[in-house]
Every structure is written in C-alpha cells, then in structure tokens.
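K.L.:
Starting from these lines, generate the structure:
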Amino acid sequence: MSVANNAVAFSRLIARGVIVALSLLLAISATGQQRDHLTDAETDLVRFYQEIDKRTDVFIKAADRRFAIINGAAQPATKKLVKDQPEWGDPPKGNRTQLLGDIAGILDEAISNIDNVASRDAKNPLLSRSLRKLSTAANGYLNQLNSIKTKVTDPDEVAAIERVGDEVKEIMDASGHLATGAPEDDKTQDKDKKKKKP
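P.N.:
Numbering: from 1, shown residues only. Below is the predicted model:
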C-alpha cells in the first residue's frame, strides 16, 4: 500500500507541477502581448481607403477619438463619406496610458504611410495635402499634451506623453520641410555652399 500511496502522491506532485508551469507560461504570454493601437473597425477603415489623404483622415479621427476619451469630451461625429464605408465601431477602451500609447502608435503609422507613398511616388499631389492635415492635427495634439502633462504624476503616463510628443515633433519637422520645399539634406548643403563663398 505504501508503494501505491507513493505513486499516487508522486503523480499528484507531477500534475501540480505541470499546472503551475502552464499557468506561468500563460501569464507570461498574456503580459507579453502588445495592444493594437487601432480597433478592428478602425483597421478596416484604414484598409478601405487606399488614397493617402483619406487614410490620413482615418488616422487623425482615430487619434481624436482617444483624446476625447482622455479629456472626458464627447466622441467626434462619425459620418460615412461613402455608402459602403465600414463603421467606426465602438469607442476605443483603455486607461490613459494605454490610450496615449495608442495615439503614439497611430501617429507613427500615419507617418509611415506617408513615407511609403512618398518613396513610391514623390510627386503625388495627395502627399502635401496629407502632411498638412496631419501637421494641423499634430499642432492641436501638442496643445492637448501640454495641458495633460501638467496634471500627470504617473511615470508610465509621462513616458507615453513623451512618446506622443516625439511623434508630433517628427510630424512638425516634416511639415516644416514641406513648407520650404527642400529636404533636410539640401538645406545643410546650401548652408555649406554659402559659408565657402568669400
């Protein structure tokens, strides 16, 4: 009987060990998953619009929705521009840090989309329109970030605000190059030429 009891106790110990190991693996994988910065409905809208200016509008509206939640304001109106346009869906969910992280991801994706179109078709007339729209929105986001920053003490939230600020700065820098019509490298070369002239 003692051998049978030992075998049962040993099998229970192994079963508990397996359960603990599986629980740890599930917990680690759950915390390691990244949050999508767009809702499924917003992703459908990005896919729906192939023109860069319309796609930029989707990114701006997605960021506006998150700022509205953070600021406790009403959600911006969502009207269909085209009959078969997908719905915007439910408002995004999350705490302030998550929503700010979403905004940073959205702005990064908007920048990447504009860069991709520019690399394929630098003379696309929709590029300047898209960048101007994004720049105007980013300027408003900067004002909201400055307002939010004064009320924040949580280090994660401060880091998220800084991340959004970095994306906004990148947009503002790009729009500055658009306004002058010269890329950054051309400006530095022009300055070097001016210095060399007697």
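K.L.:
List the buried residues for stretch 83-103?
P.N.:
For stretch 83-103, burial by neighbour count (16 or more other CB atoms under 10 Å) applies to 85-86, 88, 92, 96-103. For the C-beta atoms, the positions are set from N, CA and C on the backbone; glycine is no exception.
K.L.:
Could you report the neighbour count for residue 124?
P.N.:
16 (other CB atoms under 10 Å).
K.L.:
In contact with it, which residues?
P.N.:
Counting by CB atoms under 8 Å, 6 or more residues apart in numbering, residue 124 touches 52, 117-118.
K.L.:
mind checking the SS state of residue 80?
P.N.:
coil (DSSP: H, G, I helix; E, B strand; the rest coil).
K.L.:
which one is the residue most central in space within the chain nearest to, not counting chain neighbours?
P.N.:
For the chain, the residue nearest the mean C-alpha position is residue 105 (1.4 Å; CA atoms, centre = their mean). Spatial nearest neighbour of residue 105, excluding adjacent residues (CB to CB, 6 or more residues apart in numbering): residue 37 at 3.0 Å.
K.L.:
Kindly report the domain assignment for the chain.
P.N.:
Listed domain ranges for the chain are 1-33, 40-183 (source: automatic domain parsing).
K.L.:
tell me the most buried of those?
P.N.:
Across the domains of the chain, averaging neighbours per residue (mean count of other CB atoms under 10 Å) puts domain 40-183 on top, at a mean of 16.
K.L.:
coming back round to it: restricted to helices, list the contacts of residue 124.
P.N.:
Residues of the contacts of residue 124 located in helices (DSSP state H): 52, 117-118.
K.L.:
now, which of those residues sits nearest residue 67?
P.N.:
Nearest to residue 67 among these is residue 52, at 22.4 Å by CB to CB.
K.L.:
check contacts around that closest one.
P.N.:
113-114, 117, 124, 126-127, 130.
K.L.:
For the residues you listed, give me CSV that also has pLDDT and secondary structure.
P.N.:
Converted to CSV, these look like this (pLDDT from 0 to 100; DSSP: H, G, I helix; E, B strand; the rest coil):
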residue, pLDDT, secondary structure
113, 94, helix
114, 93, helix
117, 92, helix
124, 90, coil
126, 92, helix
127, 91, helix
130, 94, helix
